[in-house]
Structure formats: structure tokens, C-alpha cells
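Asker: here's my sequence, what's the structure:
(chains A and B)
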Amino acid sequence: MKIATWNVNSLKVRLPHLLDWLASEQPDALCLQELKCEDQAFPLEAINAAGYQAAFTGQKTYNGVAILSRLPSEAVQKNIPGFKDAQRRIVAATIGDVRVISAYFPNGQAVGSEKFAYKLEWLKALTAWLREELTQHPKLVLAGDFNIAPENRDAHPDWKDEIHVSVPEREAFQALLGLGLHDAFRLFEQAEKSFSWWDYRMMAFRRNFGLRIDHLLISAPLVPTAQRCWVDKAPRKLERPSDHTPVIVEFSSTN
DNA sequence: ATGGCCACCGAGGGTGGA
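Answerer: Modelled structure (predicted):
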């Protein structure tokens, strides 16, 4: 079983890349972020034709998340219950016996800004909700664009901004791990300077000036079955790419 | 050597991303 996450930065623009990637990687579930399209514009037919079901919640211009899956989505939840938010950043669904959550964490803009305060509030609400979810769903995957580089090795050494690497953001990430979640990527040996996002400017991809901010957190019962976790840089090399790359975790099919 | 982007809306730059 393969579960992946990918911030596509516009589903409309990236649909050809997405369809190619589904055909070549054949994930069982793929969490998407930054759809930037309203629900009536969601390309459901093309995705169905590729062999996938979809649970999604979108809006005009910004945000928007989806879960594509071979099996149907059950018990679909959009947004964080009890957290009033016009921004579409969460969709959760049960796929087989695994609870899958596609999350687009707020960017935060700059430490101390209004958007940063929103980011921390959102993280607090997410953490409280996940604590409940984990009591209902022992097998859970939190996948998405976290907009947090959890450790220094997850940011290029020359990254100068505070945002994505600040202490409060990293503490919030640790609080998620404190729920009993595990960073699937760090369960395995990885190359140094492994990143999932590179700025469009400054030839950042070529220079590998990036951040690892796209993550797959998996609950403890899933850890023994995890076989492999990697970043697929191939789509970042295509014409007109997303600035993020897919991250994939593979589980053994037994259990 | 430095640093040059991209997608959105909408009709020209302004906003947001990270």
C-alpha cells in the first residue's frame, strides 16, 4: 500500500502532471493540497477515468485539499470540527482501515504577523482534533504541506527567514508527534539535504536550496509495516512544475 | 557574482505563496 502527498499549486495547471504521476506511481491514496479551484471545477471525470475516487473541498484562488484513492472514501470530514474557518485546508476520509487526512497548513508569512498567529491557532485546533481522531482510528496518516521544517537538517543551511523554522512552529510539530505520530521519512536512512519544496526563484531547485516541509506522519500501529519513504523529485524537473514534490510512504500489504 | 518566479483575478498590477 502506497500513500502519498503532493502540493500541486493549482490542480488545473498541474492536472497533466498529476495524471502522468498517478499512472506511473499508482499510489493507493494521494493527498493533494493547494487545489486553487472551486468544487464545481474539480476535474472529477479525468480522475475517475484514471481509476481514482476523490474526496475534496476547495475554494476560489486559494487553499483546497483532496484525497484521491482507489478504494472509496468513507466518513469524509471537511475542515476541523468546531474550528470556524473559511479557508479549506483539511479533508479526512477512511480508506479501507486507514484514516487518511490531507492537510494544507497555513504559511504564516512572518513570525509575529497576524497570519502567524492564525497558523499557531490552527495548529492547536488540529492537534486537539487529532487526539480525538486517534482514539477512533488507530491506523492514521496525517499527510500534507505542513509549512514547517521540523529540524535544522530539513532546511538548507543558508535559509535566512524565521518562518517555517521558528521555535513555536517546531514545538507545534513536536506536539503532533507527541500524539503518537511518527515522521515516516525519518524512519529510514535518507540522503543529506533531502527537501520537498524549492523556490521558483534563484535557481533554487538546481542549487538544491530547499526545505522539507511536506510530511507523512503515521500512527504507531502503522510503523512496523512501513517499508520505505521517499521524495520523488522527478515532477519538479518537468516543464511548468509545482514548487513542491510528492512524498510517498509504502507499507507492506500484510496487516 | 548577483539574482532574475509563479498562479490567481481580471484586464493592470496587486496579493499570496514559502
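Asker: distance check, the closest residue to A:Thr225 other than its chain neighbours against A:Glu171.
Answerer: With Cβ to Cβ, 6 or more residues apart in numbering as the criterion, A:Thr225 has its nearest non-adjacent residue at 4.5 Å, and that residue is A:Phe251. To be clear about C-beta, it is placed using only N, CA and C from the backbone, and glycine gets the same treatment. Note on A:Phe251: its distance to A:Glu171, by Cβ to Cβ, to the nearest Å, is 29 Å.
Asker: higher neighbour count, those two?
Answerer: A:Phe251 (23 against 13; other Cβ atoms under 10 Å).
Asker: A:Val223 is in contact with that one, correct?
Answerer: No. Assessed by Cβ atoms under 8 Å, A:Phe251 is found out of contact with A:Val223, at 9.7 Å.
Asker: ok, A:Ala220 touching A:Leu179?
Answerer: No. Using Cβ under 8 Å, A:Ala220 is not in contact with A:Leu179; the gap is 9.9 Å.
Asker: which one of the two has more residues nearby?
Answerer: Legend: neighbour count by other Cβ under 10 Å for A:Ala220 and A:Leu179, higher for A:Leu179 (17 against 14).
Asker: quick one: pLDDT of the more buried one?
Answerer: What the model reports for A:Leu179 is a pLDDT of 98.
Asker: measure it to A:Leu217 for me?
Answerer: 9 Å.
Asker: write out the residues of the stretch 151-255 of chain A neighbouring DNA strand B.
Answerer: A:161, A:163-164, A:197, A:199-203, A:211, A:213, A:240, A:243-244 (Cβ under 7 Å from any atom of the strand).
Asker: again, only using 10 Å
Answerer: A:155, A:159, A:161, A:163-164, A:195-204, A:206-207, A:210-214, A:239-244 (Cβ under 10 Å from any atom of the strand).
Asker: strands - which of those residues land there?
Answerer: A:197-198, A:210-211, A:214 (DSSP state E).
Asker: can you select the buried ones from those in PyMOL?
Answerer: Listed next is the PyMOL selection for buried residues among these, using 16 or more other Cβ atoms under 10 Å:
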select buried, chain A and resi 197+198+210+211+214
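Asker: quick one: the strands in the stretch 101-250 of chain A?
Answerer: A:140-145, A:181-183, A:197-198, A:210-211, A:214-219, A:226-231, A:247-251 (DSSP state E, counting those that start in this stretch).
Asker: so what touches the second one?
Answerer: Which is strand A:181-183. With contacts defined as Cβ atoms under 8 Å, 6 or more residues apart in numbering, strand A:181-183 is touched by A:130, A:140, A:142, A:150, A:177, A:215-220, A:223.
Asker: could you list the paired strands of that strand along with their orientation?
Answerer: strand A:214-219 (antiparallel) (DSSP bridges).
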